[in-house]
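Student: all I have is the shape, not the residue letters:
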Ligand SMILES: [Zn+2]
């Protein structure tokens, strides 16, 4: 049985198939990641509409015998032109897209999270967008149920609020939490030599989980905390996708 359907959708990626057509990867609220074929040459109006990170209402035609799905129309409600204006923003959007595809994201709340991130990338200044990327990556971990204990040391139970912001805690490789500065000293490990996160950084993660997005956007963190959080979040994110995120391989070019 063939059928026509329509849904809200965000374009994630395009791949050329043959001379005229494209295979389009879409993110939709209900089914997550789906693919559909876009027919038409360079002059087709629809082809200009179906472009990465555009969001809108899409009409699909599914042929169940040929097991194919084609795009019949796309009414773009948000073009997000700002994403194409900066190398960092384009890179961050492609990291988001790759993460969604490789973790088979689905569900209304992840869809909403991704829209908030891409909308922010579109309009924010680049420095703010970099911090926005870190918030997105942590929220994504929380959506997957992989968040860490950001209140107490995973080993001795000490409250992180009892330490100075610049002291360093070490994330457990197996996940779940951080080892406090005291436990690191007792174990004879120098936190500075390991991939550590400052106490300020742990508070920032806590705020992302508990405060409103408006409140967190107003928080400032030091450059050192930013770098340590970036290292931690890139590593966790890559792990989530079985260390296969190609976009992250080029992160050193973006974060010079
Ligand atoms: Zn401890």
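Tutor: That came through, no problem. Since this is a predicted model, take the numbers as computed values, not measurements. Numbers count the residues shown, from 1 in each chain.
Student: only C-alpha atoms from now on, for both contacts and neighbour counts.
Tutor: Noted.
Student: name the nearest residue to residue 120, sequence neighbours excluded.
Tutor: Leaving aside its chain neighbours, residue 120 sits nearest to residue 129 (7.1 Å; criterion: C-alpha to C-alpha, 6 or more residues apart in numbering).
Student: I'd guess that neighbour is in a helix, am I close?
Tutor: Yes: assessed with DSSP: H, G, I helix; E, B strand; the rest coil, residue 129 lies in a helix.
Student: who's in contact with it?
Tutor: Counting by C-alpha atoms under 8 Å, 6 or more residues apart in numbering, residue 129 touches 89, 120-121.
Student: tell me which of those residues fall in helices.
Tutor: 89, 120-121 (DSSP state H).
Student: packing partners for the helix or strand in which residue 8 is found?
Tutor: According to DSSP states H and E, residue 8 maps onto strand 3-17. For strand 3-17, the elements it packs on are strand 21-28, strand 55-63, judged by 3 or more C-alpha pairs under 8 Å, 6 or more residues apart in numbering; DSSP states H and E.
Student: return the distance of the shortest one from the chain's centre.
Tutor: By that I understand strand 21-28. Strand 21-28 sits 19 Å away from the centroid of its parent chain (C-alpha atoms, centre = their mean, to the nearest Å).
Student: run me through the strand neighbours of it, direction for each.
Tutor: Sheet partners assigned to strand 21-28 using DSSP bridges are listed as strand 3-17 (antiparallel), strand 32-38 (antiparallel).
Student: quick one, it and strand 55-63 angle?
Tutor: Strand 21-28 runs at 120 degrees relative to strand 55-63, counting by axes from the mean of the first three to the mean of the last three C-alpha atoms, to 10 degrees.
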